[in-house]
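S.K.: With the sequence up front, the predicted model follows.
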Amino acid sequence: MSSGWWQHVENGYKPGPDRSRLPVRAAADTLAHMAQVVGVTADQLAAVDRGDAAEVLRGMQTAAAERTEQSPAATVSDVKDEELAEILGPDLSAAAKAQLTAGISEVRERNRRQFLIEVRALADNFSPGDESRHAG
């Protein structure tokens, strides 16, 4: 996904002619992938009226769990903050690793909160029945 499209989805619109704003609604699979990147859960997507994306995300998680059973490799979102700090700063002192861990935790939470705020704002732009008009 391009950074431009990501930004359009975050904003809830894309530029139109004469500086107008055209509404954007991400397709369920696109939103599910975005949610996975920032650590938003399927239940959180469903809570902001994106049950379609929640179902896609659940399917992705099931497939990932099946792959994990076959292969122990993990994604960054599967790695605990403390483990990620160890990977990123293996030679850091314990105090520095603690600070790095706290920073990683803060970034994850900030991204999760911002994502939920923006998805809720997107959902507020739609009424039932107009999904096809805004499909990403």
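M.R.: On my side now, so go ahead. Residues are numbered from 1 along each chain as shown.

S.K.: Next, name the residue at the spatial heart of this protein.
M.R.: Geometric centre of the chain, nearest residue: residue 35, 2.3 Å, by Cα atoms, centre = their mean.

S.K.: Any figure for the gap between that one and residue 60?
M.R.: Computed as Cβ to Cβ, to the nearest Å, the residue 35 to residue 60 distance reads 9 Å. Any C-beta I mention is one placed from the backbone N, CA and C, and that applies to glycine too.

S.K.: check contacts around the residue nearest to the centre of the chain.
M.R.: Contacts for residue 35 (Cβ atoms under 8 Å, 6 or more residues apart in numbering) come out as 41-42, 44-45, 53, 57, 115, 119.

S.K.: Out of those, give me the two with the largest separation.
M.R.: Greatest spacing in these, by Cβ to Cβ: 42 and 115 (13.3 Å).

S.K.: show me where this protein has helices.
M.R.: 3-11, 28-38, 42-47, 51-70, 81-88, 94-124, 131-134 (DSSP state H).

S.K.: Give me whichever of the ones you listed is most buried.
M.R.: helix 28-38 (a mean of 20; mean count of other Cβ atoms under 10 Å).

S.K.: Report the inter-axis angle for that one versus helix 94-124.
M.R.: 160 degrees (axes from the mean of the first three to the mean of the last three Cα atoms, to 10 degrees).

S.K.: Helix 28-38 to helix 3-11, inter-axis angle?
M.R.: 90 degrees.

S.K.: Can I get helix 28-38 in CSV, CA atoms only?
M.R.: What follows is helix 28-38, C-alpha atoms only, in CSV (Å, rounded to 0.1, in the frame of the first residue of the first chain):
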residue,chain,number,x,y,z
ALA,A,28,-12.3,-4.4,4.4
ASP,A,29,-9.1,-6.2,3.5
THR,A,30,-7.1,-2.9,3.3
LEU,A,31,-8.4,-1.8,6.7
ALA,A,32,-7.7,-5.2,8.2
HIS,A,33,-4.1,-5.0,7.1
MET,A,34,-3.8,-1.5,8.4
ALA,A,35,-5.2,-2.6,11.7
GLN,A,36,-2.8,-5.5,11.9
VAL,A,37,0.1,-3.1,11.4
VAL,A,38,-0.8,-0.8,14.3
